[in-house]
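A.B. asks: below: sequence and its predicted model.
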Amino acid sequence: MKKSKAQKILTKNKKPEKSLLLRIKRTGGRDSSGKISVRHIGGGARKMYRIVDFGQDKKNIKAKVEALEYDPNRTAFIALIKYADNEKRYILAPKGLEVGDEIEVGDKTEVKIGNRMKLKNIPDGEEVHNIELEPGRKGKCVRSAGAKAVVMAHDEGYVLLKMPSSEIRKFKESSYASIGAVSNPEHKFTKIGKAGRARNMGKRPSVRGSAMNPCDHPHGGGEGRAPIGLKYPKTPWGKHALGVRTRRKNKWSNKLIVKRRVKK
């Protein structure tokens, strides 16, 4: 298969680090009782899980980037780093990181791509990723290919970030974040191209609701090709689909959202 422009930055002929691999059991979309709880999942090419260090808890120790690798479990690339004490770990590779670069984690470090520090020490206008929702609980936000959040302002123990969704949200200033945007921004332009590639990704075929019978889907039935005949689209189980808000109204973190991505 022809490599994309983004994939050309990856280290050639590099096999994954054996000590950082983990075999994970595939569920095929089935729960503990053996019933399908998530549809359209199954098969797929065999792959090992890469143990990625989202917390990066080794502070004030410089690490050197040894390789940039493809990870079949995520959209972003990963970087193999080696610390001064010879320990190796995988981290999310930010855009612009190169083999041979040095990175560091600390309360306050140099503001450069790959470094990780507390939000209170990151200047306004900087792009960040792999952000901790709660201090000490590892990076949870902004981890997909090409994603980035922008530091907007510092305000009374909080830092305002503009998220990839355009939502403006408060984070505690003691939370850690990595400098730069996530690698592989071209991922969104990828075309699967054929059904076989989707099957290799573990995606089974899905059928349109309008092609089913009325007993199988609310959109089904009718003579020939027909509209759904409803005020709004529904899931196979009769619930609202496409555009309905699913966030709980009384969720504790609502107070941290300064501006929603959709106007009320």
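C.D. replies: Everything's here; your move.
A.B. asks: low pLDDT regions in the stretch 1-150 of the chain?
C.D. replies: Within the stretch 1-150 of the chain, the segments meeting pLDDT under 70 span 1-5.
A.B. asks: looks to me like residue 246 is in a strand.
C.D. replies: No - counting by DSSP: H, G, I helix; E, B strand; the rest coil, residue 246 is located in no strand; its state is coil.
A.B. asks: count of neighbours near it?
C.D. replies: The number of residues packed near residue 246 is 6, by other CB atoms under 10 Å. To be clear about C-beta, it is placed using only N, CA and C from the backbone, and glycine gets the same treatment.
A.B. asks: give me the distance between it and residue 168.
C.D. replies: Residue 246 sits 20 Å away from residue 168, going by CB to CB, to the nearest Å.
A.B. asks: also residue 214?
C.D. replies: Counting by CB to CB - residue 214 and residue 168 are separated by 44 Å.
A.B. asks: the two - which one has more neighbours?
C.D. replies: More crowded of residue 214 and residue 168, by other CB under 10 Å: residue 168, with 18 against 10.
A.B. asks: please name the bridge partners of the more buried one.
C.D. replies: On the basis of DSSP bridges, residue 168 is bridged to residue 162, residue 259.
A.B. asks: repeat that for the one 4 residues further on.
C.D. replies: According to DSSP bridges, residue 158 are recorded as the beta-bridge partners of residue 172.
A.B. asks: and it, how close does it get to residue 216?
C.D. replies: As judged by CB to CB, residue 172 and residue 216 stand 48 Å apart.
A.B. asks: have a look at the two and say which one is more surrounded.
C.D. replies: Just comparing residue 172 and residue 216: by other CB under 10 Å the higher neighbour count belongs to residue 172, 16 against 13.
A.B. asks: so what's the more buried one up against?
C.D. replies: Residues near residue 172 by CB atoms under 8 Å, 6 or more residues apart in numbering: 119, 134, 135, 157, 158, 159.
A.B. asks: was I right about the fourth one contacting residue 173?
C.D. replies: Yes - with contacts counted by CB atoms under 8 Å, residue 157 reaches residue 173, the gap being 5.6 Å.
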